[in-house]
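Participant: I would like to see how this sequence folds:
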Amino acid sequence: MSAATYPDLAGKRAFVTGGATGIGASIVRAYARQGAVAGFVDIDENAGNALAAELIDEGLQVWFAPVDVTDTNLLKQAIWDFCAASGPIACLVNNVANDTRHDWRTLTRNSWDAALSVNLTPAFFAIQAVAEGMLERRAGSIVNFGSISWKAKHGGMPAYTTAKAAIHGMTRSFVSELGSAGVRINTVVPGWVLTERQIAEHYGADGADIISRNQPLAGAIKPEQVAALVMFLSSDDSAMCTGQEFTIDGGWI
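Facilitator: This next block holds a predicted model:
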């Protein structure tokens with residue numbers, strides 16, 4: 001697909017969590033191809049190294065570290081390492097998530113905590129690591145990732161949907177404090193984006209039927225379409241957008 005070019009992103013530093021595969025990888029590619037320095041972390045070291053090598057072969061600027069984001073100290077250290085290597089972060093994308101299905105009847109406390117530790121907690125601590133610098137520079141864009149799942153009343157993954165609902169509250173809790181310095185924070189709310197993982201684990205024989213019954217716009221949502229929305233929210237073109245939900249779901253909700 002063709003994508004808009006945002007000249008103001010060239011040379012900026014962008015950091016993406018969960019950037020090795022799926023939506024995250026599309027965001028990393030989009031930043032790098034805009035001319036930004038794209039830093040990312042992911043628990044999948046092989047996929048992360050492969051993506052970094054791909055972009056370096058294109059002559060683009062990219063930085064990768066294998067990190068389990070549920071360890072907030074390691075996540076924050078990776079952010080600081082990226083800043084030390086490349087410069088201050090202008091754009092933060094809290095993309096990392098795990099929507100593995102689970103039954104509320106058998107969900108344990110450990111499993112509940114584990115779900116929140118990847119779907120909610122890293123976003124807060126990543127913001128904590130970058131926000132002061134953004135405030136000092138009086139510029140920056142933070143994009144958090146929600147989901148239509150809780151709005152559409154999807155069952156079968158209550159810990160995930162709870163975390164994604166909480167993301168919206170987290171975004172709005174930062175609006176006033178960051179906005180006075182010109183720093184923006186928004187939530188992207190995707191529908192069913194057909195990444196390789198979604199196709200392999202959840203799409204199944206009836207996937208196309210589910211989409212046709214629930215999504216008014218025909219066709220599948222592609223990761224690169226979500227990345228295009230993130231580029232807009234990272235650029236000066238969205239200079240007066242903050243505290244908002246930007247839904248990309250083909251009209252599902």
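Participant: wait, a helix at Trp63?
Facilitator: No. Assignment of Trp63 by DSSP: H, G, I helix; E, B strand; the rest coil gives strand, placing it outside any helix.
Participant: how about it, what does it touch?
Facilitator: Val37, Ala38, Gly39, Phe40, Ala52, Phe82, Ala85, Ser86 (CB atoms under 8 Å, 6 or more residues apart in numbering). C-beta coordinates here come from the backbone N, C-alpha and C atoms, glycine included.
Participant: distance check, the second one against Phe82.
Facilitator: It stands for Ala38. 10 Å (CB to CB, to the nearest Å).
Participant: between these two, point out the one with more neighbours.
Facilitator: Ala38 (31 against 24; other CB atoms under 10 Å).
Participant: touching, the more buried one and Ala32? I think so.
Facilitator: Yes. If you go by CB atoms under 8 Å, Ala38 and Ala32 touch, sitting 4.3 Å apart.
Participant: what residues are shared contacts of these two?
Facilitator: Leu55, Leu60, Gln61, Val62.
Participant: not counting sequence-adjacent ones, nearest residue to the second one?
Facilitator: Spatial nearest neighbour of Leu60, chain neighbours left out: Ala32 (4.0 Å); criterion: CB to CB, 6 or more residues apart in numbering.
Participant: which pLDDT value goes with that neighbour?
Facilitator: Looking at Ala32, its pLDDT reads 98.
Participant: what is the burial count for it?
Facilitator: Number of residues near Ala32 (other CB under 10 Å) recorded here: 23.
Participant: now it: which helix or strand?
Facilitator: Using DSSP states H and E, Ala32 falls within helix 22-33.
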